[in-house]
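Novice: I would like to see how this sequence folds:
(chains A, B, C and D)
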There are 4 protein chains.
Amino acid sequence: MRTGRLEAFSDGVIAILITIMVLELKVPLSAPKFGDLEPLLPIFLSYVMSFVYLGIYWNNHHHLFQVVDRVNGRILWANLHLLFWLSLIPFATGWMGENSFAPATVALYGVKLLQIAILRAPGGNRVLADAIGRDFKGKTSLILYSAAVALSFLSRTAACAVYVLVALIWLIPDPRIERALATQVQDDRDKTD
Amino acid sequence: MRTGRLEAFSDGVIAILITIMVLELKVPLSAPKFGDLEPLLPIFLSYVMSFVYLGIYWNNHHHLFQVVDRVNGRILWANLHLLFWLSLIPFATGWMGENSFAPATVALYGVKLLQIAILRAPGGNRVLADAIGRDFKGKTSLILYSAAVALSFLSRTAACAVYVLVALIWLIPDPRIERALATQVQDDRDKTD
Amino acid sequence: MRTGRLEAFSDGVIAILITIMVLELKVPLSAPKFGDLEPLLPIFLSYVMSFVYLGIYWNNHHHLFQVVDRVNGRILWANLHLLFWLSLIPFATGWMGENSFAPATVALYGVKLLQIAILRAPGGNRVLADAIGRDFKGKTSLILYSAAVALSFLSRTAACAVYVLVALIWLIPDPRIERALATQVQDDRDKTD
Amino acid sequence: MRTGRLEAFSDGVIAILITIMVLELKVPLSAPKFGDLEPLLPIFLSYVMSFVYLGIYWNNHHHLFQVVDRVNGRILWANLHLLFWLSLIPFATGWMGENSFAPATVALYGVKLLQIAILRAPGGNRVLADAIGRDFKGKTSLILYSAAVALSFLSRTAACAVYVLVALIWLIPDPRIERALATQVQDDRDKTD
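Specialist: Have a look, this model is predicted:
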C-alpha cells in the first residue's frame, strides 16, 4: 500500500482542525467598534498558539512520510491514533481561550501537547530514528511540557512561555533530518544507477 | 475512469465527518475548573466510539479500493450511498452523547451501524469476495448489531459492550485480505514480467 | 496547467458542502425518545434531496473533467462561479427544511437549482457538447425547474415531486456520454499506437 | 520535497475557509417569506466579496506553484503564514456583514487584505518575479488598500468600491505571467529534447 491516501486523509483532518479553531473566534453582534474586539484577545492568542502547533505537527508529518514508502495496518492505526489526539486540540484551545487562560485550562493544554509528543512517531521509522539519534528535541519537549503542566498552577504566564519556547525549538530546522534525507536520496540514486 | 477522484472525495467527506463530531464537545463558558468538564464525559465517550468506527470504515474503504482499478456510474453511486449513511453518524453520536446513552439513542446508534454494515461493500469486488469467502466478520457484525439494538432497551451497558466488541473484531487485521492482496500483487508482477 | 488541483479543490468544496448540511440536523437536547426526532423530519427530507443533488453535481463534474485535459484562467473562474452557487445550497436547504417546506422556501430552492443548471457546463467542452447534441437532459431540467418554481405557490408537494423527478432523470446513466468517452479513449489509443 | 502535499493541504484549508463563510448566513427560523431574507443582505454581500477574494488567492497560489518545483522548510512556513492570515478572512467578513458595514469593520477588512497582499508571495520565486518585473498589480493593490482603510471612516461605500476595484484588477488575466510560463515550458521542452 502506498502512502498517498493516508497523507491525503491526514491533510484533510489537519486542515479542518486548523480551520475550525477559528470558529471559536465568534463574530460579535451589534458590536461595530474596534474596542468590541478586546474580549476576543485571549481567544485570539490561544488560536495563534494552536495554529503554530498544528503547523509544526503537519510539517513533522510531512517530513516523516517523506521517508516512509509503504503503509500497513499498524501504521494506519498509529496515524489515526495521532489524529484522534490532534482532534482534541480545538477543544483544549477553546477552553483555555474562553476562560482567559485559567490555571486548569493551561494545564490541560499542556497535557494535550504532552500526549501528542509521546505519540508523535507513527509507525517507527528507522531512517529518521537513526538520524535523530537520541532524539534531543523529542526528549526536551517531554521534560518541558511536564514542567509547564506543573507550572500552570503557580504561574500561567510561565507555563505559556514554556509552550512558546517548545514551539520555537521545533520551528528551528533540524540539520540532522535534512542530512539523513539527503543521504537517503543519494543512496536511492546510487541504487538506481 | 480511475479511482483517484472517488478516493479523494470520500477521504474529504470522511475527514470532515470524523472532525465535526468533535464540535459536539462544546467548550464550557465561565467554567475554568477540571470538574466543569465532567458533564462532557458521555459526549466524549460517544465521540471515541464513533471515531474508532469511522476509522474502521476509512481503513476498509482504503483496503477495498486497493483492489478496485476503475470506477463506473454504479460504483460512484454505491459509494455516495455509503457516504450518505456515514454522514448521519455525527448526528446519532451526538444524540446518544447529549442524552447520556438513553435506550432509544443507543438503539438508533446500533441501527445506524447495522445499515452501514449492510451497505459496506461498494461495487462488489470479486478479489475481496473470493478472499474473505463466506465473510465471517461481516455476517458476525450483522448478528451482533441486531442483538445490540434489541439489548439497548434491557441494558444500555450491554449494548455498548457489543458495539465495542464488534469494533475490536474489525481492528484485528484480517490475514485473508492481506494474503489475497499479496497474491494479486504477485500475479500482476508475473504478468508484467 | 493540469486539471489535478482544480479537481482537488472542487472535491474539497463539494465534500464540505455535502457535509455541513448535516449540521442543520441539530441534535435535540434532553430529548431521549424516538418521538423527539419527529420535528426533524422535514429537515431530514430536505437534507436527503440536497445530498442527492450535490451527488449528481459531483458526478457530472467528475464526468466533465474526464474529457478536459488542461485548464486556463477562464475555466478556473467558470468553476469557481459554479462552486459559489453550489455553496448556497446548504442555506436554501436549511431555509426550506426549517420552515417545513413553506411555498417561498420551495420556490427559492428551485431558483437555486435553475441557476446551477444554467451554469452547469464550466469551460465549454466540445467533446461533451457534441456527444450530448441538443442536450436533452439540460433543456428538460431548465423547463421543469421553471415550472416547479411557479408550482411552489400552488402546491408545494407538486413542486417537490418535480425536483425528485429531475434528480431521477440525472441518476439514469447517459449512454451518449459513455459512448463519446469510449470513442475518445479509443482515438487516444489510436494516436498513441 | 515535492509540492504535492503542500498544495493539497493549502487547497483543503482554502476550500474550508471559502465554505465556512457561508455558515455566517444563518438560516432564519420561523421566517418562511422572501421578505424575511432581507436582513441577510449585508451578510450576503460581504460573503460574495470574500468568496471572490479567496478565489483570487487560490488562483494566485495555483499559478505560483506551477513554477515552484520543490519545497523546503522556509517555503512550508511562508505558506502556513499566508494560510494563517487567510484563516481570519471569515471573521473579518462576518464582523463586517453582521454590523452592516460599519466604518471600523470595513477598515479592519482592508487591513486584512493589506496584510495578505504584503505576504502574498510565499517562497520568493524568481521566474515569476522576473516575469512580473516591477510587480505593478501588487504595488497598486498595496496603495489602494491603504487608501481604502483611511477612506472607511469617511465613506464606507467608497472604501468598498476600492475593494471591488482591486478584485477586478486581479480578475483580469496577466499576460506577463502566461508569457513567462509559456517560455519556461518551452525551455523545459528544449532541455528534454
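Novice: near chain C, which residues of chain A?
Specialist: Proximity of chain A to chain C is confined to A:G12 under the rule C-beta under 8 Å from any C-beta of the partner chain. Bear in mind the C-beta positions are built from the backbone N, C-alpha and C, glycine included.
Novice: which one is the residue nearest in space to the middle of chain A nearest to, not counting chain neighbours?
Specialist: Centroid-nearest residue in chain A: A:Y57, 3.5 Å away (criterion: C-alpha atoms, centre = their mean). Nearest residue to A:Y57, sequence neighbours excluded (C-beta to C-beta, 6 or more residues apart in numbering or on different chains): A:L86, at 6.3 Å.
Novice: for A:F153, same thing?
Specialist: According to C-beta to C-beta, 6+ apart, the nearest residue to A:F153 is A:P103 (4.9 Å).
Novice: I figured the one you found was touching A:S152, is that so?
Specialist: Yes - using C-beta atoms under 8 Å, A:P103 is in contact with A:S152, at 5.1 Å.
Novice: any idea how far chain C is from A:I169?
Specialist: Applying C-beta to the nearest C-beta, to the nearest Å, the value for A:I169 to chain C is 33 Å.
Novice: Could you pull up the residues touching that residue?
Specialist: By C-beta atoms under 8 Å, 6 or more residues apart in numbering or on different chains, the contact list for A:I169 reads A:K137, A:T140, A:S141.
Novice: Show me what from chain A comes close to chain D.
Specialist: Contact residues, chain A versus chain D (C-beta under 8 Å from any C-beta): A:7-8, A:11-12, A:14-16, A:18-20, A:22-23, A:25, A:27-34, A:37, A:48, A:51, A:55, A:58-59, A:62, A:66, A:171, A:173.
Novice: Pull out whichever of those are also neighbours of chain B.
Specialist: A:A8, A:G12, A:I16, A:I20.
Novice: which one's the longest helix in chain A?
Specialist: Counting by DSSP state H, the longest helix found in chain A is helix A:41-66.
Novice: Can you name every helix or strand that that one contacts?
Specialist: With contacts taken as 3 or more C-beta pairs under 8 Å, 6 or more residues apart in numbering or on different chains; DSSP states H and E, helix A:41-66 sits against helix A:4-20, helix A:89-98, helix A:156-171, helix A:175-192, helix D:4-20, helix D:73-87.
Novice: repeat that with 7 Å
Specialist: helix A:4-20, helix A:89-98, helix A:156-171, helix D:73-87 (3 or more C-beta pairs under 7 Å, 6 or more residues apart in numbering or on different chains; DSSP states H and E).
Novice: Check which helices and strands the last one is in contact with.
Specialist: Spelled out, that is helix D:73-87. If contacts are counted by 3+ C-beta pairs under 7 Å, 6+ apart, helix D:73-87 sits against helix A:41-66, helix D:4-20, helix D:103-119.
Novice: How far away from the center of its chain is it?
Specialist: Remark: helix D:73-87 is offset 14 Å from the chain centroid, using C-alpha atoms, centre = their mean, to the nearest Å.
Novice: Let me know the average pLDDT across that helix.
Specialist: Mean pLDDT, computed over helix D:73-87, is 86.
Novice: State the distance from A:A15 to D:F9.
Specialist: For A:A15, the distance to D:F9 (C-beta to C-beta, to the nearest Å) stands at 6 Å.
Novice: Can you add distance to D:V162 and give the helices and strands packed on helix A:41-66 back as TSV?
Specialist: Listed next are the helices and strands packed on helix A:41-66 as TSV, based on distance: least, C-beta to C-beta, whole Å:
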stretch	distance to D:V162
helix A:4-20	28
helix A:89-98	34
helix A:156-171	36
helix D:73-87	19
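Novice: B:C160: which of those is closest?
Specialist: helix A:89-98 (22.6 Å; C-beta to C-beta).
Novice: what does that closest one contact?
Specialist: Under the criterion C-beta atoms under 7 Å, 6 or more residues apart in numbering or on different chains, residues A:17, A:20-21, A:24, A:42-43, A:46-47, A:50, A:54, A:105-106, A:108-109, A:112, B:22, B:25, B:27, B:29 lie in contact with helix A:89-98.
Novice: mind checking the backbone torsions on A:V67?
Specialist: The phi and psi torsions at A:V67 (degrees, to the nearest 10) take the values phi -110, psi 0.
Novice: Then A:D69?
Specialist: Note on A:D69: its backbone torsions stand at phi -90, psi -40 [degrees, to the nearest 10].
Novice: residue contacts, the closest residue to chain C within chain A?
Specialist: At 7.9 Å from chain C, A:G12 is the closest residue in chain A, using C-beta to the nearest C-beta. Contacts for A:G12 (C-beta under 7 Å, 6+ apart) come out as B:D11, B:G12, B:A15, D:G12.
Novice: If we use 10 Å, what do you get?
Specialist: The contact partners of A:G12, by C-beta atoms under 10 Å, 6 or more residues apart in numbering or on different chains, come to A:83, B:8, B:11-16, B:18-19, C:12, C:15-16, D:8-9, D:11-12, D:15-16.
Novice: Is the nearest residue in space to A:L114 that is not next to it in sequence in a helix, a strand, or coil?
Specialist: Ranked by C-beta to C-beta, 6+ apart and with sequence neighbours excluded, the top spatial neighbour of A:L114 is A:Y145, at 4.2 Å. Following DSSP: H, G, I helix; E, B strand; the rest coil, the label given to A:Y145 is helix.
Novice: I figured A:Y145 hits A:V106, correct?
Specialist: No - A:Y145 lies out of contact with A:V106 (C-beta atoms under 10 Å); the separation is 11.7 Å.
Novice: which of those two has more neighbours?
Specialist: A:V106 (27 against 24; other C-beta atoms under 10 Å in any protein chain shown).
Novice: burial of the residue lying closest to that one once chain neighbours are set aside, as a residue count?
Specialist: Closest residue to A:V106 apart from its sequence neighbours, by C-beta to C-beta, 6+ apart: A:S152 at 4.2 Å. Neighbours of A:S152 under the rule other C-beta under 10 Å: 24.
Novice: For stretch A:102-120, what is the distance to the chain centroid?
Specialist: In terms of C-alpha atoms, centre = their mean, the gap separating the centre of stretch A:102-120 from the centre of its chain is 11 Å.
Novice: And stretch A:73-91, by the same measure?
Specialist: With C-alpha atoms, centre = their mean as the basis, stretch A:73-91 stands 11 Å off its chain's centre.
Novice: quick revisit: of the contacts of A:I169 - the most surrounded one?
Specialist: Among these, the one with the most neighbours (other C-beta under 10 Å) is A:S141, at 22 neighbours.
Novice: show me the contacts for that one.
Specialist: A:S141 neighbours (C-beta under 10 Å, 6+ apart): A:L113, A:L114, A:I116, A:A117, A:I118, A:R120, A:D135, A:L165, A:V166, A:A167, A:I169, A:W170.
Novice: Repeat that for A:A31.
Specialist: Contacts of A:A31 by C-beta under 10 Å, 6+ apart are A:L37, A:P39, A:L40, D:W95, D:E98, D:N99, D:A102, D:A104, D:T105.
Novice: now those as a markdown table including neighbour count and pLDDT?
Specialist: Shown next, in a markdown table, are those (neighbours: other C-beta atoms under 10 Å in any protein chain shown; pLDDT from 0 to 100):
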| residue | neighbour count | pLDDT |
| --- | --- | --- |
| A:L37 | 17 | 92 |
| A:P39 | 11 | 90 |
| A:L40 | 19 | 93 |
| D:W95 | 26 | 93 |
| D:E98 | 20 | 90 |
| D:N99 | 23 | 90 |
| D:A102 | 20 | 90 |
| D:A104 | 19 | 90 |
| D:T105 | 28 | 90 |
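Novice: which among the residues you listed gets closest to chain B?
Specialist: The nearest one, if we look at the contacts of A:A31 relative to chain B and count by C-beta to the nearest C-beta, is A:P39, at 11.8 Å.
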